[in-house]
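*Asks:* With the input below, show me the fold.
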Amino acid sequence: MPERESLLHFVMDAAEVPRGLPLVAGLTGFADSGSAVTGFTDYIVDTMDSQIIAIFDADSLLDYRARRPIIYFDQDHLTGFEPPMLAFHLVRDEISRPFILLTGYEPDFKWEAFSKEVLNFVERFDVATTTWVHSIPMPVPHTRPIGTTVSGNRADLIEQFSVWRPHTQVPANAMHLVEYRLQEIEHEVAGFVLLVPHYLADTEFPQASLVALESISSATGLIFPTDRLREEGREFVSKIDEQVETNEELNKLVHTLEQRYDSYMKDNALRSPLTDVEGELPTADEIAAELEEFLAYRRGTEESGDMR
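*Replies:* Below is the predicted model of the structure:
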């Protein structure tokens, strides 16, 4: 039987890759509410010293027709092709401590093969811990801290940071499968899900990227330069507040979400703002109704030009 061709192609000499580093991961694709994953991974690559270790084979993992690559056109001829990239990077944090970053597109195909490549990488380079982040829309207000749900086998992080611990079924991310396989080999792994206000889900919300970095710091001890993100976040929230103030329906929605959040978080810093007083989750129909109500507000305001 022929040997399976590797999906991972090394750019850096493997002998130069330090052993025992933490792995941080964030993949874009199914859910990236508030552009949290795109924001924090781009921020790391753009602001910190990094080198590519290895690149996954996009032809094997990606559906190009679903996520078309960029081609550059100059008047009458093509000048470049920019294929999407999923890669391991060697990065140094603000005090020059090295770590590994896995970032790029979420694979469309061969999830088990992709997971096996990640596990092989973890074992080959004695990766110390794995921490990954993604974000989902939830009926919570932007005027309150972004909550997280933590999964994995790091009980300390789950106890300290997980505000929502449901028994439920959710659409999977490729990193969910990686986390599941890492747990099977008893590797330390934690997945942070950021609970982003549903009305900001399709925006670039700097606060979400900031919470992603803070979550990673809590799990790994890495230090990130966040001043720029904090300033961008303050400016963004200020603009949202202005829109809320001038839009009666949006103001009503945010106020209702604030009341729910404050009521459910009272006397319990880790109680979920999504549950009722008895700790029960709202039904899918209840959440859907609230989302539909907001979308109706939004369609009306967009048509009138109040919210852009």
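
*Asks:* Leu229 and Phe30, how far apart?
*Replies:* Plainly put, Leu229 is 24 Å away from Phe30 if you go by CB to CB, to the nearest Å. Bear in mind the C-beta positions are built from the backbone N, C-alpha and C, glycine included.

*Asks:* Looking at these two, which is more packed in?
*Replies:* Shown here are Leu229 and Phe30; by other CB atoms under 10 Å, Leu229 has more neighbours (23 against 12).

*Asks:* I'd like to know how many residues surround Glu245.
*Replies:* Neighbours around Glu245, by other CB under 10 Å: 11.

*Asks:* Now do the residue nearest to it when sequence neighbours are not counted, the pLDDT please.
*Replies:* Excluding the flanking residues, the one nearest Glu245 by CB to CB, 6 or more residues apart in numbering is Asn251, at 6.7 Å. Asn251 is assigned 90 on the pLDDT scale.

*Asks:* got it, and Ala289?
*Replies:* Confidence score, pLDDT, at Ala289: 52.

*Asks:* Can you tell me how far the spatially most central residue of the chain is from Asp76?
*Replies:* Closest to where the C-alpha atoms of the chain average out (CA atoms, centre = their mean) is His134, at 2.5 Å. Distance, His134 to Asp76, using CB to CB: 42 Å.

*Asks:* Strands along the stretch 151-300 of the chain, start to end?
*Replies:* Assigned by DSSP state E, counting those that start in this stretch, the stretch 151-300 of the chain shows strands spanning 189-197.

*Asks:* Show the low-confidence segments of it, by residue range.
*Replies:* 264, 267-300 (pLDDT under 70).

*Asks:* now the helices: where do they sit in it?
*Replies:* Assigned by DSSP state H, counting those that start in this stretch, the helices in the stretch 151-300 of the chain fall at 155-161, 174-184, 206-220, 227-245, 248-265, 284-304.

*Asks:* Among those, single out whichever gets nearest to Ser60.
*Replies:* Nearest to Ser60, of all those, is helix 174-184, at 13.5 Å by CB to CB.

*Asks:* for the closest one, which positions count as buried?
*Replies:* For helix 174-184, the neighbour count (16 or more other CB atoms under 10 Å) marks 174-179, 181-182 as buried.
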